[in-house]
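# Sequence plus predicted model, see below.
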Amino acid sequence: MKPIGLAVAAAALGIAIGLSWTYIEFSSASNVFQDHNGSNTPLSLNDTTPGIPKMVIEGGSSFNFGTMERNASRRHEFVIKNEGEAPLIITPGQASCPLCVETSFSGATVAPGDKTTIIVRYHTRKDKTEFAEGFSIQSDDPNRPIVQLRIEGIVVHAIQVVPTSIALPSISTKQDNHNEVKIYSFVQQPIQIESAEIIHEEYKEFYDVKFDPMPAEMVAKKQNARSGALVRITVKKGMPFGPFQQLIRLKTNLEETGELEIVVRGNVQDDIIILLADNNILNLKVIESENGIKKKFFLTANSVDRDTFDVKVEEVFPANILKVKMTAPNKESKSFRFVFEVSVPPGANRATHLGGQHGEVGRIVIATNHPDHQQITIKVPFAVK
């Protein structure tokens, strides 16, 4: 009986030790889920957990604009509140359509209980009757690391803008440039332009926008049109040389159409332009005498009186080697461009006119009756061997 008693006692002792180790292990494991104050309540990221932010988008993360007009735009403000207990850091993501979705949001840090606003503007530039686009944001809210701000709507054709953009490839800085845009409405309520906004700050002072109701006889010429408006856009003289682009945004009394947009782009050029790769330099380089050479350059005259504008070759150096032939344009042609053909005939004598220590540089002097460009000198470096 003693061996049996010893076996039973050993078994009981083993069970007791096993239960003790099991209690210790589970007790240690539960400590892993305790928060920083030592309570045994498990953490849940779905609750307002101490130490983490919580993003709430008031009104929801999607917005329906309803109906919008083609070539118009509308904006919506998404209001984001931090209902957590730590700062909410928001950074911008990607737009699903960079051509259509616009936002200036560059990021924000929102304190607990505070709000921030993200303005998203949609442009109906795509040829679609329905749209559903979005703009993504990223945050340090563990439950909402990436959120899509969604905008949608339907594009209608209650208004027609003619033209939707103004292209001015070559205008003078010395005179105003006037343009007219016609806006036709096909709905019963007469259209009225309430305001015009010039969006881009650069050279804003060189634009002027005026608008008036369209005369009834002009409206009648457009099939099914019921009313209209005329918008006159002037690019003022004095605009600096170079390319430009501006956006004109029009607000009408027809709220369902959104704000109409007209793009103005172009290039301001001097009245007289010499078309050469280098700045008024025609480099013929080194020429083989037996081959000779022929090159062309162009003089374009903008905003001049074609009947009275005069151009002539006044001087050529060295005249015994360089030959210049000028061809005047047709006064009715779209581009008023003079063509100059410069040649060194085959068999020309050896000469060096590269400039500096290599002989006096060749030149062509052009005279015009334009008050600002009475004499234009083209340098022609060359050598004949």
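Noted; the coordinates are in hand.
# wait, residue 180 sits on residue 230?
Yes - look at residue 180 against residue 230 with C-beta atoms under 8 Å: they come within range, at 6.2 Å. In short, each C-beta sits where N, CA and C put it, glycine included.
# When those two are compared, which one has more neighbours?
Of the pair residue 180 and residue 230, residue 230 is the one with more neighbours under other C-beta atoms under 10 Å, namely 16 against 11.
# gap between that one and residue 69?
18 Å (C-beta to C-beta, to the nearest Å).
# so where is the chain shaky, pLDDT-wise?
1-50, 277 (pLDDT under 70).
# So the residue nearest the centre of it, which state does it fall into?
Among the residues of the chain, the one closest to the centroid is residue 99, at 8.3 Å (C-alpha atoms, centre = their mean). In three-state terms, and counting by DSSP: H, G, I helix; E, B strand; the rest coil, residue 99 is coil.
# how about the residue nearest to it when sequence neighbours are not counted, what does it touch?
Among residues not flanking residue 99 along the chain, residue 125 sits closest, at 5.6 Å (C-beta to C-beta, 6 or more residues apart in numbering). By C-beta atoms under 8 Å, 6 or more residues apart in numbering, the contact set of residue 125 is 71, 99-100.
# Mind doing that once more with 10 Å?
By C-beta atoms under 10 Å, 6 or more residues apart in numbering, residue 125 lies in contact with 70-73, 97, 99-100, 164, 261, 263.
# Over to residue 260?
Contacts of residue 260 by C-beta under 10 Å, 6+ apart are 69-73, 159, 161, 164, 181, 183, 191, 193, 196, 229, 231, 248-252, 254.
# Just the buried residues of these.
For the contacts of residue 260, a burial check counting by 16 or more other C-beta atoms under 10 Å picks out 69-73, 159, 161, 181, 183, 191, 193, 196, 229, 231, 248-252, 254.
# Tell me which of those fall in strands.
Among these, the members found in strands (DSSP state E) are 69, 72-73, 159, 161, 181, 183, 193, 196, 229, 231, 248-252.
# Mind picking the two most distant members of those?
The span of these, defined through C-beta to C-beta, is set by 73 and 229 at 17.7 Å.
# Now do the helices in the stretch 151-300 of the chain.
Under the criterion DSSP state H, counting those that start in this stretch, helices of the stretch 151-300 of the chain are mapped to 216-220.
# How about the stretch 1-150 of the chain?
Taking DSSP H, counting those that start in this stretch to define them, one finds helices in the stretch 1-150 of the chain at 2-32.
# Would you mind confirming that residue 140 is in contact with residue 88?
Yes - Residue 140 lies in contact with residue 88 (C-beta atoms under 10 Å); the separation is 6.8 Å.
# Which one of those two is surrounded by more residues?
Between residue 140 and residue 88, counted using other C-beta under 10 Å, the more crowded position is residue 88 (25 against 17).
# how close does residue 326 sit to residue 95?
In this view, residue 326 and residue 95 are 53 Å apart by C-beta to C-beta.
# And residue 148, by the same measure?
Distance of residue 148 to residue 95, computed by C-beta to C-beta: 11 Å.
# and what of residue 344?
Note on residue 344: its distance to residue 95, by C-beta to C-beta, is 57 Å.
# Quickly list what residue 80 is bridged to.
residue 57, residue 116 (DSSP bridges).
# ok, residue 253 - how many residues close by?
For residue 253, the neighbour count with other C-beta under 10 Å is 12.
# isn't it right next to residue 259, touching?
No - applying C-beta under 10 Å as the test, residue 253 and residue 259 come out as separate, 11.9 Å apart.
# list the helices and strands the helix or strand harbouring residue 325 packs on?
Using DSSP states H and E, residue 325 maps to strand 323-327. Contacts defined by 3 or more C-beta pairs under 10 Å, 6 or more residues apart in numbering; DSSP states H and E place strand 323-327 against strand 293-301, strand 311-317, strand 337-344, strand 362-368.
# Which one of these lies nearest to residue 353?
Closest approach to residue 353 among the helices and strands packed on strand 323-327 (C-beta to C-beta): strand 362-368, 4.3 Å.
# Convert the C-alpha atoms of the closest one to CSV, please.
Extracted in CSV, the C-alpha atoms of strand 362-368 (Å, rounded to 0.1, in the frame of the first residue of the first chain):
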residue,chain,number,x,y,z
GLY,A,362,30.6,89.8,-91.0
ARG,A,363,27.3,91.7,-90.7
ILE,A,364,24.0,92.4,-92.3
VAL,A,365,22.2,95.7,-91.4
ILE,A,366,18.5,95.8,-91.9
ALA,A,367,16.6,99.1,-91.9
THR,A,368,12.8,99.5,-91.2
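# mind listing what's buried in stretch 333-345?
Residues of stretch 333-345 classed as buried by neighbour count (16+ other C-beta under 10 Å): 336-338, 340, 342-344.
# which of these sit farthest apart?
Maximum pairwise distance in those, criterion C-beta to C-beta, is 28.5 Å, between 336 and 344.
# quick one, which of residue 326 and residue 95 is more surrounded?
residue 95 (17 against 14).
# so what's the closest residue to the more buried one other than its chain neighbours up against?
Closest residue in space to residue 95, ignoring its immediate chain neighbours: residue 101 at 3.9 Å, by C-beta to C-beta, 6+ apart. Applying C-beta under 10 Å, 6+ apart, we find residue 101 in contact with 94-95, 120-123, 131, 133-135, 149, 151.
# bridging residues for residue 101?
Bridge pairing for residue 101 - DSSP bridges - gives residue 122.
# Quickly note the distance from it to residue 142.
With distances taken as C-beta to C-beta, residue 101 is found 27 Å from residue 142.
# Check residue 344 too.
77 Å.
# And residue 231, by the same measure?
51 Å.
# what do you get for residue 365?
Residue 365 sits 76 Å away from residue 142, going by C-beta to C-beta.
# and if you look at residue 251?
Counting by C-beta to C-beta, the separation of residue 251 from residue 142 is 42 Å.
# for residue 236, what are its contacts?
Residue 236 sits next to 173, 175-177, 203, 205-208 when contact means C-beta under 10 Å, 6+ apart.
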